[in-house]
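Peer 1: structure of the sequence below:
(chains A, B, C and D)
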4 protein chains.
Amino acid sequence: MAVRVAIAGASGYTGFELVRLICTHPSARLTMITSRQQKGQRLDDFYPALKRHCDLEFQEPDPARLASSADIVFTALPHQAAMDIVPELLALGARVIDLSADYRLRDAGVYGAWYSEHKTPELLEEAVYGLPELYRERIRSARLVANPGCYPTSVILAAAPLISKGLVDSDSIIADSKSGVSGAGRGASLGVHFCEVNEGFKAYKVAEHRHTPEMEQELSALAGRPLTINFTPHLVPMSRGILSTVYANLKDEVTAADVDEAFSALYGGEPFIRLGGRRQLPTTLQVRGSNYCDLGWRVDGRTRRVIVVSVIDNLTRGASGQAVCNMNLMCGFAENAGLEGAPWQP
Amino acid sequence: MAVRVAIAGASGYTGFELVRLICTHPSARLTMITSRQQKGQRLDDFYPALKRHCDLEFQEPDPARLASSADIVFTALPHQAAMDIVPELLALGARVIDLSADYRLRDAGVYGAWYSEHKTPELLEEAVYGLPELYRERIRSARLVANPGCYPTSVILAAAPLISKGLVDSDSIIADSKSGVSGAGRGASLGVHFCEVNEGFKAYKVAEHRHTPEMEQELSALAGRPLTINFTPHLVPMSRGILSTVYANLKDEVTAADVDEAFSALYGGEPFIRLGGRRQLPTTLQVRGSNYCDLGWRVDGRTRRVIVVSVIDNLTRGASGQAVCNMNLMCGFAENAGLEGAPWQP
Amino acid sequence: MAVRVAIAGASGYTGFELVRLICTHPSARLTMITSRQQKGQRLDDFYPALKRHCDLEFQEPDPARLASSADIVFTALPHQAAMDIVPELLALGARVIDLSADYRLRDAGVYGAWYSEHKTPELLEEAVYGLPELYRERIRSARLVANPGCYPTSVILAAAPLISKGLVDSDSIIADSKSGVSGAGRGASLGVHFCEVNEGFKAYKVAEHRHTPEMEQELSALAGRPLTINFTPHLVPMSRGILSTVYANLKDEVTAADVDEAFSALYGGEPFIRLGGRRQLPTTLQVRGSNYCDLGWRVDGRTRRVIVVSVIDNLTRGASGQAVCNMNLMCGFAENAGLEGAPWQP
Amino acid sequence: MAVRVAIAGASGYTGFELVRLICTHPSARLTMITSRQQKGQRLDDFYPALKRHCDLEFQEPDPARLASSADIVFTALPHQAAMDIVPELLALGARVIDLSADYRLRDAGVYGAWYSEHKTPELLEEAVYGLPELYRERIRSARLVANPGCYPTSVILAAAPLISKGLVDSDSIIADSKSGVSGAGRGASLGVHFCEVNEGFKAYKVAEHRHTPEMEQELSALAGRPLTINFTPHLVPMSRGILSTVYANLKDEVTAADVDEAFSALYGGEPFIRLGGRRQLPTTLQVRGSNYCDLGWRVDGRTRRVIVVSVIDNLTRGASGQAVCNMNLMCGFAENAGLEGAPWQP
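Peer 2: Modelled structure (predicted):
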């Protein structure tokens, strides 16, 4: 019997991607979608692409109705709006996969410093960071999964082998990331105007982007000591995809073969990680629409640095695909159920 | 038991799209792929996107091996190369879905006038034009299906209701079509250089494109008399999608309601046609990656013309998706088997 | 001595393009710019591109100050806002080049039918339609020039030779136009969101776009009798450029040579029209940033239609470049003063 | 009297940009263009954009004719082809601005290690590196100017203030650069196919790009000691523009104000450098078509790193605009002659 699924905040690109994936999922059934702004409108009027795939109407995001309609609720709401609704959903017996930032940081103080005061700090310990490669077992039994941010997914997966094996100076990490525009959401603003983006590559929120503490939390845990990193996001004139170029200083004696081995050891059996090694650097094109994180790397003997390049689809691996993967783990489905499709090209 | 499928000419975008669709098809299994140029290379080295989805190697396009490896052979070869191989495939017992232009025109003389001399005119009568909306029953039992061109699919589906119901002057049809760049194939040339395409919208092969006689053949058949049309293709700075704007002069007394009715009557039960009516004109974005043809129209009372807008994904509905649909019909599978995925957005 | 120039409504793309052109104009000096929304801000803070090129601040759009600061005022305001300010500017002695639609239609009734009631119909007779190829002499002495719309510029210039020489059936004209996104202005909306435009080619306002009566007015005047046309605008995923594909039915006996001759006769000496003839169809790329309209055509002997392809830069020839050209005529400068730069490529 | 100018290798994007700039240059006259491949063709047939701007024909690249036709020869040839022709041009009395890599590296051994054996090492000492901010005085009297690479221009200008003032650890520099596709030239290849670039952001030649030693040479000179850097180029789906994100570790005690001051001190009076400071990070859009390098920066107190963002137009500042600027210096013209135009937007 199919698990019943609801999406709170289904009108944006992340919501669309969740609907797309759940529509063809073999063991899940979408029962309710909410959107305060689009309340009463049919999803397939709002997104003609979905005609014949979903005949639901947007509802008011009422926790009681969500919890009674669904076993799993995906909350795809802005941060701070999520924590207004998650505690009640849990109390009413639903399991929650939250795609906002609200439950990703374990330390309420850090959340407060980068976002705002946390309203439900008591849930932070219980929440499981939904990166399957690092927390697979805990996710299976979680009531509340904090789905990782798109940039952190790409950066943590790139750096984890190096940090966890102690191959690099843990304070030397620089993550230079580039994202397609869908990462900014579907809201209209000058910053996403076609004519401002087209031919207008730029960096933004340099040294102050809120995904920084999320990366530092996970990499510090792997390092076994607190570390800081530099993270610089950029906006690429394309719709989907993130590429992160991650730099770190190799410790003495560490060889290129050590680096290769660290990646193979950590990711050898992972269903959604594909290693290109030192030979094959990935492009965002090769993961579009899929849950893969593809990784390639180079070791620079002249500067003694390693450079890792990771690519994901920001809407799939960076949000909704990873959320579905987490659902699969929580429900005991095959980890790739509903995520079997090959990437799209071109 | 799954039908065995081979692809002759699998290295281009059309080949990729076939692989993508067959990989997740519930009742088909890919057994052989060919490419003269990439012979010996693994498909997933050539397209890293396909790692974990297909471990086949490109083979020499040998008809005997193709016919023994597969029940259905998709020939995704350049025109003229297809007819070098198709007769032998048929003789050896394979059923063929040809994605080239070689078997689309029933009249060898017309083929000769627009392409070159036809080498196997004796097969033209047997070949079935693979547009399910018009030839569904004949496709089911066909040995050889001529998969329609991308532009003709978009134009014929837009004009068919008007012509077949006799609502418009059959010599008044003008089809102004716009295609993404993947329609030009994957070969490198100045014409597909990013910097020439970007910000460089253009028309090409005006009044001389080879898809013209294909449209005229099918629309003439529907009209019950020979007609000519104007067809103008344009190149859009995007990867996928075709939008055709089709103009025709309404006969006296024909009303907008008549037009609505003609579309509903012809397409009411069609699984891959979605009607937006006079209210909702489609964009290429809403069909990406799917087999849909979405249609909208307007009636201009001032000029007494009807304007139909049709959109398809040129690689899916315009080539590989339609080919899979034809395979489904030929094999008695559900018509949408392997084609259930929702369109991609954005 | 340089003519003093002001721009009312300088914050949009059209305003930017005017500033860019006037900054290097040999005989004009920018003295005042206005914007209600950006009042008080420096132009080069708003557009960092303009640092070192203009140190003006946006002012309130006060007619008295505009008229005292400038000999020529460009009004780049939304339609209806222009007619609130133009009469006073004229009364105070300024000459006005209006880039809105407010003074393009000579018939207040037609304006009322497509826009709204006209507030200053008494000025319509005096206003000169600012298409130099048709109204050069009248522009020289005009007090008020109505700068043509972007689509009309591209369509009228394509059809004028055919209509004025009587080569085509005047009721057979279909103009299928495609525009870059800057034509929609700089305001934020879902329709110009990068992710909606990218890969999302579409038609809009089919059979109801307000530029239609403007084309009909000018083509009717050339035909010597009222005519109607079909005009369909489309949105192309690019920033700049319009390509119009214009279809018309040739009258009996008219030959391809007649068509060639009509274009040469009308445009032979024109500084801003370049003829590619039947051999060279233009792309939007070849006119970017320039005031050119490039034209190519084909005659289809099968259907007896002529197809003309015209390209312009919508911001230059379709708005600000043409406005500067009109200023040059009004002030007795060389017609191409400030417009000498070659198009940009790529 | 105008200086006579020739371009050897004028058929590519760099050649086009040189023609565009020289056409409107007040004191230069283009007298000869060469292209082995296009020999005999008119430039404005090859580039219809240039009709009415240049009526020259491509010639065979004969040094004697070049030297007799021109006072200044721009050599826009592939590396290694330039050094086949430059010595003879100089011997015949021409002054040369070489846009290839052949005369940028002062050490023939370094050239040999990254490119191939140098054929005219005796000219390396005489050649002046054509970055006006660093070598203005030497350029004025140079016979041979080595025009800098596009990436090095963007990186050296970003790092120079930090290195020359000793504010950062000179071995800590990481330059993460992103370029539009025109940087790859106009030749057709799969790598520049629209469908491979669109939505396909990627890194390339990681830790092995040939522009690395050029950056190291100039930054080492500023540091007063040899240094190495990491340089990673990426390909952005856009036509023009480079953005470099440059990271360096601040020395102890260095403050954000020190960084600000270093930039102001070095670039305060520079005509083609615009400083956005810590507040205004630049986008590639704001320098298109211009010779500007716009710079912004941030100091990260948490990691003690400075991040500098620099943008240039790769074809203008990164190639032909800088070459024209060098010509201006060599000929005693105003440094910005022919380069006065404002950037293009959008």
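Peer 1: hmm, the longest helix along chain A touching chain B?
Peer 2: Counting by DSSP state H, the longest helix found in chain A is helix A:150-164. No. Helix A:150-164 stays clear of chain B (C-beta under 8 Å from any C-beta of the partner chain), getting no nearer than 14.6 Å. Placement of C-beta: from N, CA and C, glycine included.
Peer 1: helices or strands next to that helix in the packing?
Peer 2: helix A:132-140, strand A:174-179, helix A:212-223, strand A:230-235, strand A:242-249, helix A:256-267, strand A:293-300, strand A:305-312 (3 or more C-beta pairs under 8 Å, 6 or more residues apart in numbering or on different chains; DSSP states H and E).
Peer 1: in a markdown table, list those along with mean neighbour count and mean pLDDT.
Peer 2: As requested, those are arranged in a markdown table below (neighbours: other C-beta atoms under 10 Å in any protein chain shown; pLDDT from 0 to 100):
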| stretch | mean neighbour count | mean pLDDT |
| --- | --- | --- |
| helix A:132-140 | 17 | 98 |
| strand A:174-179 | 27 | 98 |
| helix A:212-223 | 22 | 98 |
| strand A:230-235 | 24 | 98 |
| strand A:242-249 | 26 | 98 |
| helix A:256-267 | 17 | 98 |
| strand A:293-300 | 25 | 98 |
| strand A:305-312 | 27 | 98 |
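Peer 1: for those, which one sits closest to A:Val197?
Peer 2: Across those, A:Val197 has its closest neighbour in strand A:230-235 (6.7 Å, C-beta to C-beta).
Peer 1: residue contacts, A:Asp102?
Peer 2: A:His79, A:Gln80, A:Ala82, A:Met83, A:Val86, A:Tyr111, A:His118, A:Ala146 (C-beta atoms under 8 Å, 6 or more residues apart in numbering or on different chains).
Peer 1: mind checking which helix or strand it is in?
Peer 2: Following DSSP states H and E, there is no helix or strand that holds A:Asp102.
Peer 1: for A:Ala127, see how far away it is.
Peer 2: Note on A:Asp102: its distance to A:Ala127, by C-beta to C-beta, to the nearest Å, is 9 Å.
Peer 1: joint contacts of those two?
Peer 2: With C-beta under 8 Å, 6+ apart, A:Asp102 and A:Ala127 have common neighbours A:Ala146.
Peer 1: re the thing from before, C:Val197: which of the helices and strands packed on helix A:150-164 is closest?
Peer 2: strand A:230-235 (15.1 Å).
Peer 1: and that closest one, what does it pack onto?
Peer 2: Contacts defined by 3+ C-beta pairs under 8 Å, 6+ apart place strand A:230-235 against helix A:150-164, strand A:174-179, strand A:202-203, strand D:242-249, strand D:305-312.
Peer 1: rerun at 6 Å
Peer 2: Under the contact criterion of 3 or more C-beta pairs under 6 Å, 6 or more residues apart in numbering or on different chains; DSSP states H and E, strand A:230-235 touches strand A:174-179, strand A:202-203.
Peer 1: what separates the shortest one from the chain centre, distance-wise?
Peer 2: Centre-to-centre, strand A:202-203 and its host chain are 21 Å apart (C-alpha atoms, centre = their mean, to the nearest Å).
Peer 1: the first one now?
Peer 2: Relative to the chain's own centre, strand A:174-179 is displaced by 15 Å; criterion: C-alpha atoms, centre = their mean.
Peer 1: what does whichever strand or helix holds A:Leu18 contact?
Peer 2: For A:Leu18, the host element (DSSP H and E) is helix A:13-23. Residues from elsewhere that reach helix A:13-23, judged by C-beta atoms under 6 Å, 6 or more residues apart in numbering or on different chains: A:5, A:7, A:28, A:30, A:53-54, A:74, A:76, A:99, A:182, A:186, A:315, A:319-320, A:324, A:338, B:342, B:345.
Peer 1: so chain A: which segments form each domain?
Peer 2: As given by automatic domain parsing, the domain ranges for chain A are A:3-148+A:317-331, A:150-314.
Peer 1: with only the CA atoms kept, save the helix or strand harbouring A:Arg65 in CSV.
Peer 2: For A:Arg65, the host element (DSSP H and E) is helix A:63-69. Only the C-alpha atoms of helix A:63-69 are listed here, as CSV (Å, rounded to 0.1, in the frame of the first residue of the first chain):
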residue,chain,number,x,y,z
PRO,A,63,-1.4,21.3,10.1
ALA,A,64,-4.4,19.2,11.2
ARG,A,65,-5.5,18.5,7.7
LEU,A,66,-2.0,17.9,6.6
ALA,A,67,-1.4,15.4,9.3
SER,A,68,-4.6,13.5,8.8
SER,A,69,-4.1,13.4,5.0
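Peer 1: give the pairing partners of the helix or strand just after it; include direction for each.
Peer 2: Using DSSP H and E, the helix or strand that follows helix A:63-69 towards the C-terminus is strand A:72-75. Strand pairing for strand A:72-75, determined by DSSP bridges: strand A:3-8 (parallel), strand A:95-98 (parallel).
Peer 1: near chain C, which residues of the stretch 201-346 of chain A?
Peer 2: In this structure, the stretch 201-346 of chain A approaches chain C at residues A:Ser239, judged by C-beta under 6 Å from any C-beta of the partner chain.
Peer 1: and the stretch 201-346 of chain A, which residues reach chain D?
Peer 2: So the stretch 201-346 of chain A meets chain D at A:201-203, A:206-207, A:228, A:230, A:232, A:236-238, A:243, A:245, A:247, A:281, A:283-285, A:298, A:300, A:302-303, A:305, A:307, A:309, A:346 (C-beta under 6 Å from any C-beta).
Peer 1: rerun at 8 Å
Peer 2: Near chain D, when you scan the stretch 201-346 of chain A using C-beta under 8 Å from any C-beta, you find A:201-204, A:206-208, A:228-230, A:232, A:234, A:236-241, A:243, A:245, A:247, A:281-285, A:288, A:298-300, A:302-303, A:305, A:307, A:309, A:346.
Peer 1: low-confidence stretches in the stretch 1-150 of chain A?
Peer 2: In the predicted model of the stretch 1-150 of chain A, no residue satisfies pLDDT under 70.
Peer 1: report the closest residue of it relative to chain C.
Peer 2: At 7.0 Å from chain C, A:Tyr13 is the closest residue in the stretch 1-150 of chain A, using C-beta to the nearest C-beta.
Peer 1: tell me, how many residues neighbour that residue?
Peer 2: Neighbourhood size, A:Tyr13 [other C-beta atoms under 10 Å in any protein chain shown]: 23.
Peer 1: how about A:Met238?
Peer 2: Neighbours of A:Met238 using other C-beta under 10 Å come to 28.
Peer 1: that one reaches A:Val181, doesn't it?
Peer 2: Yes. Counting by C-beta atoms under 8 Å, A:Met238 does reach A:Val181; the two are 7.1 Å apart.
Peer 1: quick revisit: just the C-alpha atoms of the helix holding A:Leu18, please, in PDB.
Peer 2: Taking C-alpha atoms only, helix A:13-23 is exported to PDB below (Å, rounded to 0.1, in the frame of the first residue of the first chain):
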ATOM      1  CA  TYR A  13      10.100  25.100  -8.200                       C
ATOM      2  CA  THR A  14      11.000  22.800  -5.300                       C
ATOM      3  CA  GLY A  15       7.300  22.000  -5.000                       C
ATOM      4  CA  PHE A  16       7.000  21.300  -8.700                       C
ATOM      5  CA  GLU A  17      10.000  19.000  -8.500                       C
ATOM      6  CA  LEU A  18       8.500  17.100  -5.600                       C
ATOM      7  CA  VAL A  19       5.200  16.600  -7.400                       C
ATOM      8  CA  ARG A  20       7.000  15.500 -10.600                       C
ATOM      9  CA  LEU A  21       8.900  12.800  -8.600                       C
ATOM     10  CA  ILE A  22       6.100  11.600  -6.500                       C
ATOM     11  CA  CYS A  23       3.700  11.300  -9.500                       C
END
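Peer 1: sorry, back to before: okay, and the common contacts of A:Met238 and A:Val181?
Peer 2: Counting by C-beta under 8 Å, 6+ apart, the residues touching both A:Met238 and A:Val181 are C:Asn198.
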